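1. could you look at this predicted model? Sequence included:
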There are 2 protein chains.
Amino acid sequence: MGYPITANVSERQSAPPSLAISTVIFALRTAEGESRPSLWLPLVRRIREPFKGQWALPGGPLRHSESLQSAASRNLAETTGLNPRYLEQLYAFGGLQRAANCSPAVLAPRVVSIVYWALVQPTEAALALESDNVRWFKADALGSASARDLAFDHNEIVAYALWRLRNKLEYASIAYHLLGEKFTLAQVREVYEAVLGRELDPANFRRQLKATPHIVATEEYLQGGKHRPPRLYRYTGNTESFSQSQPNPDPSIRASSK
Amino acid sequence: MGYPITANVSERQSAPPSLAISTVIFALRTAEGESRPSLWLPLVRRIREPFKGQWALPGGPLRHSESLQSAASRNLAETTGLNPRYLEQLYAFGGLQRAANCSPAVLAPRVVSIVYWALVQPTEAALALESDNVRWFKADALGSASARDLAFDHNEIVAYALWRLRNKLEYASIAYHLLGEKFTLAQVREVYEAVLGRELDPANFRRQLKATPHIVATEEYLQGGKHRPPRLYRYTGNTESFSQSQPNPDPSIRASSK
DNA sequence: CCAAAAGTGTTATGTCTACACCCATGG
DNA sequence: CCATGGGTGTAGACATAACACTTTTGG
């Protein structure tokens, strides 16, 4: 895999570590037979050694004239057909034992992976192509301590991404990126409950939300439910933490009243 | 790594981007003529193009059989002689315009930098070798918006590292890594004041500190001051966020009483 | 009318902030 | 005994959590 065998003269020793970009993509889905939505992510099946046949994060090499972020963006579009609303760098993994339990004696070359994480809307996620080599999995099943079935160290990467998502959800306004343009406050609460894995008090939750900026009430109500129709809201904040390039000293932090 | 669908042999145009590791090293120093300590960081002078002669973050290439973290550790030891108590990955920079204002028409090859940040104790920092090619600078002067004198995009990297340090100081127990083994609570407050750039109420600050775990009072008092001798404390928490390898779902987070 | 979600009000509890106050030391 | 930083106490402002309560819809 990996590094082009450039007949570069300076390449005397061993080849330098090659670079790849991968992405952990999160979306909300309601499983068959379940009432509440949960977190899912798409994986692709490896078609070559090492770890041939196992599931892995979508990813690929960094092209010569693209930024890290756009490499991530292009790559996940190519492999899964998705266009995330939110995309942020997660971590650079360069561990040496990354291909530790590599099946036979395939000596895998050293690879440094720069991993991004993304949030996509349910509508996007619904259109996402699913094939024999691309499938969605429940995030918590992959990211728990016991999980050990993905290629490379991808189980740990998923676990870390999950940790980061949970963490960031509590202080930044990112939940809206998992929803459509208009949403009810109860839907936002469902996002929080799905991600954090615990139930939240509806009354207090709605007050907190209404106190945050960039949440504006529309004049529309969601019809079709069994009960009182809830009002729809819209998020008017930076839908671009998708901002080009750099690290972003967190524009999406929820203005806390302190 | 895993690029099942796209990546194939067609990707062998120009040489792949090369990888480098750099580190932003913070230490507390009391400048001549000033009463309060402030944040400083060491830079090295570039001895080759591009940006020859300008100051840059210490860094170097990633060797074949070392982890990213140990590459950072080794590199900053080689260039500055320092052994930090705290070392954490900051960000992977791979922008294309990194060598934008490159002096002449030197066409710089694409470089992806994985940047770490570190905290060292004052005693360490004092021993640090300072030469014609290694010098300490005040952090806020380099990390402000106007600053534009470092090589590559290193001013922005310093600014981001500063942001991260300030941010993390407020929720994690990292201030102790900038102090010696024993310290007074007022010294911890000085760290906070120097990093955050504002004064804190001594009374409230000490209460907050004493409420956090891993701060234990010794039976010793700091003698030699002009006034009442303050009690010395010790930090007994993980001095190893320096933990090998992986991303660490933040062990150093200050246990908040919620 | 009933069930249940939408939405509002109220109270207890805890945390943060400002600031008054006492303690201990060098000069 | 005085100035100053070390250290403790306390009252108000503010945020959070628990839960009672009213409103509005479908059935």
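-> Right, received. Where do you want to start?

2. residue ranges with poor pLDDT in the stretch 101-250 of chain A?
-> A:101-109, A:239-246, A:248-250 (pLDDT under 70).

3. and the strands in chain A, which stretches?
-> Secondary structure of chain A (DSSP state E): strands at A:18-29, A:38-45, A:55-56, A:59-61, A:86-93, A:111-119, A:134-138, A:182-183, A:215-221, A:231-235.

4. stretch A:160-177 close to chain B?
-> Yes - residues of stretch A:160-177 contacting chain B under Cβ under 8 Å from any Cβ of the partner chain: A:160, A:163. (Each C-beta comes from the backbone N, C-alpha and C, glycine too.)

5. so which of the strands of chain A is nearest residue B:30?
-> Nearest to residue B:30, of all those, is strand A:86-93, at 34.9 Å by Cβ to Cβ.

6. for the closest one, name the packing helices and strands.
-> Applying 3 or more Cβ pairs under 8 Å, 6 or more residues apart in numbering or on different chains; DSSP states H and E, we find strand A:86-93 packed against helix A:68-80, strand A:111-119, helix A:154-169, strand B:86-93.

7. the second one pairs with which strands, and in what direction?
-> It refers to strand A:111-119. Paired neighbours of strand A:111-119 in the sheet (DSSP bridges): strand A:18-29 (parallel), strand A:86-93 (antiparallel).

8. tell me the buried residues in it?
-> A:111, A:112, A:113, A:114, A:115, A:116, A:117, A:118, A:119 (16 or more other Cβ atoms under 10 Å in any protein chain shown).

9. hmm, back to that, any chance of the helices and strands packed on strand A:86-93 in JSON lines, with distance to residue B:139 too?
-> Shown next, in JSON lines, are those (distance: least, Cβ to Cβ, whole Å):
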{"stretch": "helix A:68-80", "distance to residue B:139": "26"}
{"stretch": "strand A:111-119", "distance to residue B:139": "26"}
{"stretch": "helix A:154-169", "distance to residue B:139": "26"}
{"stretch": "strand B:86-93", "distance to residue B:139": "14"}
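
10. for residue A:81, give its distance to residue A:171.
-> Computed as Cβ to Cβ, to the nearest Å, the residue A:81 to residue A:171 distance reads 31 Å.

11. what's the burial count for residue A:22?
-> 26 (other Cβ atoms under 10 Å in any protein chain shown).

12. make that residue A:75, sorry
-> Count around residue A:75 with other Cβ under 10 Å applied: 26.

13. equivalent analysis for the one 3 residues further on, please.
-> Applying the criterion other Cβ under 10 Å, we find 15 residues in the vicinity of residue A:78.

14. now residue A:43
-> If you count neighbours by other Cβ under 10 Å, residue A:43 ends up with 25.

15. and residue A:223, what does it touch?
-> residue A:229 (Cβ atoms under 8 Å, 6 or more residues apart in numbering or on different chains).

16. which among the buried residues of strand A:111-119 gets closest to DNA strand D?
-> Ranked by distance to DNA strand D (Cβ to the nearest atom of the strand), these are led by residue A:119 at 23.1 Å.

17. from memory that closest one sits against residue A:177, does it?
-> Yes - here residue A:119 reaches residue A:177: they are 4.1 Å apart, a contact under Cβ atoms under 8 Å.
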